[in-house]
Every structure is written in C-alpha cells, then in structure tokens.
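Participant: Let me see the structure of the following:
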Amino acid sequence: MYKVAKASQYLVITGGWIPDMKITKKSWIFPGQSCTVVDVSPVNYSFEVQAMSAEKLPFILPAVFTIGPSTADESSLIKFAKLISPHDKHSHHVKELVQGVIEGETRVLAASMTMEEIFKGTKEFKKEVFEKVQLELNQFGLLIYNANVKQLVDVPGHEYFSYLGQKTQMEAANQAKIDVAEARMKGAIGSKLRDGQTLQNAAKIDAETKVIAIQRQGEGEKGEMKVRTEVKVYENQREAEVAEANAELAKKKSIWAKEAQVAEVEARKAVAMRDAELQREVERMNALTQTEKLKAEFLRKATVEYETKVQEANWELYKKQKAAEAYLYEKEKEAAAQRMAAEAEYYRRQQVVEGDFYAKKKEAEGMIALAEAQGTYIRTILDAFGGNYGAMRDYLLINGGVYQEIAKINGEALRGLQPKISIWTSGAGGENGGGGDSSGAAMKEVAGVYKMLPPLFKTVHDQTGMLPPAWMGTITQPNE
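Facilitator: Below is the predicted model:
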C-alpha cells in the first residue's frame, strides 16, 4: 500500500527490512511493516510560572511558548517519534513535560538574579530562558518557534511591582513640583532683577546727562571769559605800544627841546603831564585786569566745587540703591533657601519612614516564608515516616548530629575523670560439684572472700590513696 503524508505530517515506518525506523513523506507500506502518521505542526502552551528572585521575592511570569517538533534534522524527528508521538500534542502529559522544563529553568535563572535585574533586563532574561529551555527540549526533539514573555506580575500578598510603580510615580510628582517651584522662583527673581536694572540704568543715564549738560555750559562760559580776557589783553598791549610810541616821541621832542630853553621847559612839562596821565591809565588798566582775573578764578572754583558736590551726591545715591538691592536679594535668597531646606528635610524624613516600613515588612515576610518552609519540611518528614513522631524525632536528632554530640561530650567528661577500673573474680563459681558436704562448701565461701580482699584493697588504694589497717594486711608492690 502506498501512503503519502500531508504538508504538516511525516510517515514513521517500522517493521520488516527496517533496522530502527524510517521517516519519510511518502513510501510503500509492505506486509510486516507498521506506519504511523506524525503531525509536526507547532502548538501554543500558556503558563504562569511562579518564581523567586535572589532576594527571596516571589513573582509570576506569564509566558506563551510556541513549541513543535524540530524538522531541521532526521535525528530530532526520530527522538520526537520515539518519545512524544505516542501521546497527543494537546494531552496533559506533553503539557506537563513542557511546563516542567520551562518552570524549572525559569526558577533556576530567576534565583540567580535580583528583582531589579529581572525587571530592567526583561529582554536578556527572556533570551536566557529561551536558550536554557531549548537545551532541555533538544533531548525530546522539540523546537521553540516563538517565546513571548509578558509583563511580570505580583504574587497576591507580595505587591513589589505595585509599590515600585507608586514609588516611581511619587518621585516623578515630587520632582515636577520642585521644577515648577524652581521655575517660578527664577521667573520672580528675573523679573525683579530686570526691573531694578532698568531703574538703575535710567537713573544713571539721567545723572550722566545732567552732569554732561552742566559741564558743557561751564565750558562755554569759560571759553567766553577766555576770549574776553584775550581781547582785553590785546587792547592793553595796543595801548602799551601806543604809550611806548608816545614816549619815544617825547624823547625825541626832549632831544629837540635841548636846542631851545623854552622848548625844553615846555617839553618837560608836557612829558610830566603825559607821564602822569599814562601812569593813571596804566593803573586803571591794571586794576581792571586784576578784577577780571579774580572774577575768572572765583567762577572756576565755584564751577569745580559744584560739579564735585553733584558727583558726590550721585555716588551716595547709587551706593544706597545698590545696598538696598543687595539686602533685598539676600533676604529673598535666604527665604528661598529656607523653604528648599524645609522641603528637602520633609522629603528625607518621608523616605526614611518609607524605607523603615518597607524593611520591616520584608523582614516579616521573610520570617513567614522561613516558618512556612520549615513547616513544609517537618510535614514532609512526618509523612515519610507514616505519622510516627518518635521516628521523625530520632531522625532529626541523628541528622542534626545531636547523638554524636552527646557521645562526644560524655567521652570528654570521662576522659577528664581518668577512672581506674579493676576487675577481679573469686574463682569459686561452679566448683562445688554437688558431691561434697556442707562444711566444704562453707570453707570454699570463706576462701573466696579471702581471695577477694587483696584486689579490693588494691582498688581502694589506687582510687583513693587509702591503705588498709595493719592487722588486716599490707599491699605489696608488683616488683615485690
């Protein structure tokens, strides 16, 4: 009979003329041969694996694995045909097999990682689980086509991820509040700073404008006075030149007047009169010049003093404004710093309280888990001994090394005492055969007691150091 398998199937043929088994898509089936159709389509298996991290924190890992026979090589198909094909792919047996492999590898891997590493490195965790599970499934000829690890879930009663989310949310909210407060503070300070700078610059420009205007006006007046003085000096110089010319003329006239006595007298009188007039004019001009000079000097001093007073007043006003602004800015900074310090202290105390609460809670959970594990261990041992409490107690004592410790302690105690043990026998047992008389038996008893005394005295002397009375006998040394 000729058989052909479907696209997702293989024919597994065993029987005559086949050493082990033959896997093919189509073949003749001869008498004495058996043919089994194997479906190689993958199947989805959904699990919720309960594992525990390195910090003893339990969590649930929901996962969906798509698993099917490996068609890459014939050896994998042979393994699947031998081990898995007798069972239905959807049967409870196959699901338990796959689930056991996945749960075992997941728990071993999770126990070597912290919760933070599992949570942040989900991709690497999935890859590690995938590779380790695949190694175990290779021996059954199975292949993982796809593995989808869902979000980690808290175990009821252990809300680690819930608390972690709340912590992240509260940290984000607190940071947002801090950012908003800081932005408002910067905006208020910047606005006040710009307003103060505007007023300062405007006052400075007005003061400089007034100073420059006064300077320009003073320079104009000084220039005018300088021109007037120069004109007056020039006029005086011209008059002096005229007087000099007149004097020269008078000299010539006096020379000419020498020729005649009358002319000389008249010339002298004219010269005297002219000299008096010129002297008076010179003194007048000198007085005028001195007056103008004093006026210019007084005006210059008054102008300089006025400008100095104006500059000093402006400087004092500027210093007072700067001091007031610095004081205001310092007070604003101190208030902001106190507010930020109060908020930071409140946040620190809140975090300390939350950390203490979380540590206490985790410590209580660890103690509960330890008690549950110890209870499970005791129940398992008790069940193994069929409910026999005495046998379980002896097992725990032996397993815990209690008996060995007791024997060790007793041995140490005896070794410290250093006892001396003496063994002796009277040698009278069983010698009265039953044929003697009563007097013979009595003498044997007396002889036995007499034989027992020397070793008894020796034992008392060895253990206590006491010697027997002299009338009872003496103890001889071994060499004697």
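Participant: Pull the distance from stretch 397-411 to the chain's centre.
Facilitator: Chain-centre distance of stretch 397-411: 49 Å, with C-alpha atoms, centre = their mean, to the nearest Å.
Participant: and that stretch, average pLDDT?
Facilitator: What stretch 397-411 shows for mean pLDDT is 80.
Participant: And stretch 281-297, by the same measure?
Facilitator: 85.
Participant: residues in contact with that stretch?
Facilitator: Outside stretch 281-297, the residues within contact range by C-beta atoms under 8 Å, 6 or more residues apart in numbering are 225, 228-229, 232-233, 236, 239, 243. Heads up, the C-betas are built off the backbone N, CA and C, glycines and all.
Participant: and of those, the nearest to Lys408?
Facilitator: Using C-beta to C-beta, Met225 comes nearest to Lys408 of the contacts of stretch 281-297, at 126.4 Å.
Participant: Tell me which residues touch Ala270, please.
Facilitator: Ala270 is in contact with 250, 253, counting by C-beta under 8 Å, 6+ apart.
Participant: Can you get me the centre-to-centre distance for the helix or strand harbouring it and its chain?
Facilitator: Using DSSP states H and E, Ala270 falls within helix 261-384. Offset of helix 261-384 from its chain centre (C-alpha atoms, centre = their mean): 42 Å.
Participant: where are the low-confidence patches of the stretch 101-250 of the chain?
Facilitator: Applying pLDDT under 70 to the stretch 101-250 of the chain flags the ranges 119-122, 151, 153-155, 157-166, 168-169.
Participant: Tell me where it has helices.
Facilitator: Assigned by DSSP state H, counting those that start in this stretch, the stretch 101-250 of the chain shows helices spanning 115-120, 122-137, 160-257.
Participant: Quick check: which of these is nearest to Ala81?
Facilitator: Closest among the helices of the stretch 101-250 of the chain, once you apply C-beta to C-beta, is helix 122-137, at 15.2 Å.
Participant: packing partners for that closest one?
Facilitator: Helix 122-137 is packed against strand 58-69, helix 92-111, strand 142-149, with contacts defined by 3 or more C-beta pairs under 8 Å, 6 or more residues apart in numbering; DSSP states H and E.
Participant: what angle do the longest one and helix 122-137 make?
Facilitator: For the pair helix 92-111 and helix 122-137, the angle between their directions (axes from the mean of the first three to the mean of the last three C-alpha atoms, to 10 degrees) equals 130 degrees.
Participant: Identify each buried residue in helix 92-111, please.
Facilitator: Using 16 or more other C-beta atoms under 10 Å as the test for burial, helix 92-111 gives 94-95, 97-98, 101-103, 105-106, 109-110.
Participant: swap in stretch 197-212?
Facilitator: For stretch 197-212, a neighbour-count test (16+ other C-beta under 10 Å) marks Ala207 as buried.
Participant: and for that stretch, what are the contacting residues?
Facilitator: Contacts with stretch 197-212, where a contact means C-beta under 8 Å, 6+ apart, come from 307, 310-311, 314, 317-318, 321, 325.
Participant: which among the residues you listed gets closest to Ile368?
Facilitator: Nearest to Ile368 among these, with distances taken as C-beta to C-beta, is Glu325, at 64.2 Å.
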